[in-house]
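K.L.:
got a predicted model here, sequence first, then my questions.
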Amino acid sequence: MPALALTLGDPAGIGPDITLAAWQRREADCLPAFFVSGDAGTLSRRAARLGLDIPVRICAPEEAAGLFPKALPVVATGIEATAGPGRPDASSGPAARVAIEHAVSLVQAGRASAVVTNPIAKSVMYEAGFSFPGHTEYLAHLCGEPAPMPVMMLWSPLLAVVPATIHIPLAEVPRRLTSELLVATTRITARDLKERFGIPAPRIVLCGVNPHAGENGTIGREDEEIVRPAVAMLRAEGIDARGPAPADTLFHPAARQGYDVVIGAYHDQVLAPIKALAFDSAVNVTLGLPFVRTSPDHGTAFDLAGTGRASPSSLIEALRLARRLAVTDAARRNAA
Ligand SMILES: NC(=O)C1=CN([C@@H]2O[C@H](COP(=O)(O)OP(=O)(O)OC[C@H]3O[C@@H](n4cnc5c(N)ncnc54)[C@H](O)[C@@H]3O)[C@@H](O)[C@H]2O)C=CC1
Ligand SMILES: NCC(=O)COP(=O)(O)O
């Protein structure tokens, strides 16, 4: 299979650090071959700052797998990044954005097997004119018209969660959370868990919105008027959906045995539990796309960039999961 395309991310963040650290662990951790889509200079400078003797080599995507054992392959985008570690700056926006576009075009052309993204800082990207909430929506846009509906899933062996609404203010959640959104999100989740993750009949819990899932409508109406009808619609389609389930009792060990994924109403409701349980091993996966995209679960961690203290664990899991899902997708395509 072609190598994985790993984007540069925000050059001022820990993306370069964890990329270098993951490459160093390629043999010990049996990592699939990857190349960086981005600016080789940023990686060479970060390696020098960290005192790492890592050869960084510009190559074509087809050469990456062969080079990988000896050097960190970079497929250059031609856009240099100048921001130093821990010093984010909107001038990096184009380098980070073009790295994503380049990686997507390579996977679409069959020259990379999946896209793995390093973190970008949303506020820095917005300042640079980026008009999408994050990678998730931008990747769907890059698929062309009609754009698929992307679904964000944070996955780990301990817990998998999907926020139905993503990067919006909390005050907007009650307006943007609809039964239709929950149904569409759950359908895509059910399909991808089955086809890509090999779970034949995924057990899916829809989280309540209000305390105690609204106590039969006495503490807020959203659970009865939005979540419960969505569950009924999904069950009528044969999807094993349950809920609304109170969020406060959904994440303890015994409760987690009863489902494969939780659909949450909003970002922090479900990302906080998975990051508490599995910060080092959880992976962000975009469901619903025609290609595989994974990412570490964490952000740019500007406080750690260039210090040597950033853990590459979540990125390593993201690379592994991307490879696994790409192999599954290829097998499905060959069988079709
Ligand atoms: N996929 C992506 O592109 C993501 C981007 N972000 C962006 O990251 C920026 C910073 O977000 P924060 O909320 O501060 O979250 P963060 O994940 O960057 O940092 C939170 C805390 O965790 C620590 N941390 C993060 N990654 C670590 C690692 N690999 N090893 C050791 N410690 C680590 C940091 O030092 C910090 O104390 C935001 O602008 C946000 O937009 C956040 C999440 C995902
Ligand atoms: N909190 C998750 C996150 O920010 C990842 O967003 P995306 O860039 O993968 O869309």
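P.N.:
In hand now; what should we look at? Residues are numbered from 1 along each chain as shown. Ligands and ions are numbered 1, 2, ... in the order given.
K.L.:
what helices or strands is the helix or strand harbouring Thr286 leaning on?
P.N.:
Using DSSP states H and E, Thr286 falls within strand 283-287. In this structure, strand 283-287 packs against helix 135-142, strand 151-155, helix 179-195, strand 293-296, helix 313-335, with contacts taken as 3 or more C-beta pairs under 8 Å, 6 or more residues apart in numbering; DSSP states H and E. Any C-beta I mention is one placed from the backbone N, CA and C, and that applies to glycine too.
K.L.:
verify the contact between Thr294 and Ile316 for me.
P.N.:
No: with contact defined as C-beta atoms under 8 Å, Thr294 and Ile316 do not form a contacting pair (11.0 Å).
K.L.:
got a pLDDT number for the spatially closest residue to Ala121 that is not a sequence neighbour?
P.N.:
In this structure, Ala121 finds its nearest non-sequential neighbour in Thr300, 4.7 Å apart by C-beta to C-beta, 6 or more residues apart in numbering. Note for Thr300: predicted pLDDT of 98.
K.L.:
for Thr82, same thing?
P.N.:
According to the model, Thr82 scores 89 on pLDDT.
K.L.:
mind checking how far it is from Lys70?
P.N.:
Using C-beta to C-beta, to the nearest Å, one obtains 28 Å as the distance from Thr82 to Lys70.
K.L.:
Ala83 too?
P.N.:
Ala83 sits 29 Å away from Lys70, going by C-beta to C-beta.
K.L.:
compare the two (neighbour count), which wins?
P.N.:
Per other C-beta atoms under 10 Å, whichever of Ala83 and Lys70 has more neighbours is Ala83, with 22 against 9.
K.L.:
please identify which helix or strand holds that one.
P.N.:
Under the criterion of DSSP H and E, Ala83 resides outside all helices and strands.
K.L.:
so who does it touch?
P.N.:
Applying C-beta atoms under 8 Å, 6 or more residues apart in numbering to Ala83 gives the contacts 10-12, 89, 91-92.
K.L.:
and Pro119, by the same measure?
P.N.:
Counted by C-beta under 8 Å, 6+ apart, Pro119 has contacts 9-10, 13-15, 295-296, 298-301.
K.L.:
Ser37 and Ala95 touch, don't they?
P.N.:
No: counting by C-beta under 8 Å, Ser37 stays clear of Ala95, with 10.5 Å between them.
K.L.:
got the contact list for the residue in the stretch 1-150 of the chain that ligand 2 sits nearest to?
P.N.:
Here the stretch 1-150 of the chain gets closest to ligand 2 at one residue, Gly134, 2.7 Å apart by C-beta to the nearest ligand atom. Gly134 makes contact with 120, 122, 166-167 under the criterion C-beta under 8 Å, 6+ apart.
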